[in-house]
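Q: model this:
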Amino acid sequence: MNVSVCKTTLRLPENQSLKGKRRVINSLCSRIRNRFNVAVAEVGDNDVWQTAVLGISCVGNDVRHTDEVISSVIGFIESTREDVEVVDVERETVSGF
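A: The predicted structure follows:
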């Protein structure tokens, strides 16, 4: 079993309130879950209007596959949301449980 995890820091430069941030992040998380079948949640900077930290994880039999899925999720975030900027991505893969 292999687990790939990713901590992604996002910047929402046009956002003006926590309510607006919640709307953007909840929409993005549900679209990621539905499209890629991964676990995703906001894991940091909950009280900051223009910054969000998402945790994304994928479990599978093949390391290459789980890494590709995480890369696809990052690409999806960058390409589909013009109001969201990917600032930082930290990735790790754990294998052999």
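
Q: measure the residue nearest the centre of the chain to Asn61 for me?
A: Central residue of the chain (C-alpha atoms, centre = their mean): Leu54, 4.5 Å from the mean position. Using C-beta to C-beta, to the nearest Å, Leu54 is found at 24 Å from Asn61. Where C-beta positions appear, they are placed from N, C-alpha and C, glycine not excepted.

Q: what about the strands in this protein?
A: For the chain, strands defined by DSSP state E occupy the ranges 2-11, 39-44, 51-60, 85-95.

Q: so what strands line up beside the first one?
A: Pairing partners of strand 2-11, with direction, according to DSSP bridges: strand 51-60 (antiparallel), strand 85-95 (antiparallel).

Q: What's opposite the residue nearest to the centre of the chain in the beta bridge?
A: With DSSP bridges as the criterion, Leu54 is bridged to Thr8, Glu42.

Q: distance of it from Ser30?
A: Leu54 sits 12 Å away from Ser30, going by C-beta to C-beta.

Q: sorry, back to before: let's have the strands of the chain in a markdown table, adding mean pLDDT.
A: Compiled in a markdown table, these are given as follows (pLDDT from 0 to 100):
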| stretch | mean pLDDT |
| --- | --- |
| strand 2-11 | 95 |
| strand 39-44 | 94 |
| strand 51-60 | 95 |
| strand 85-95 | 93 |
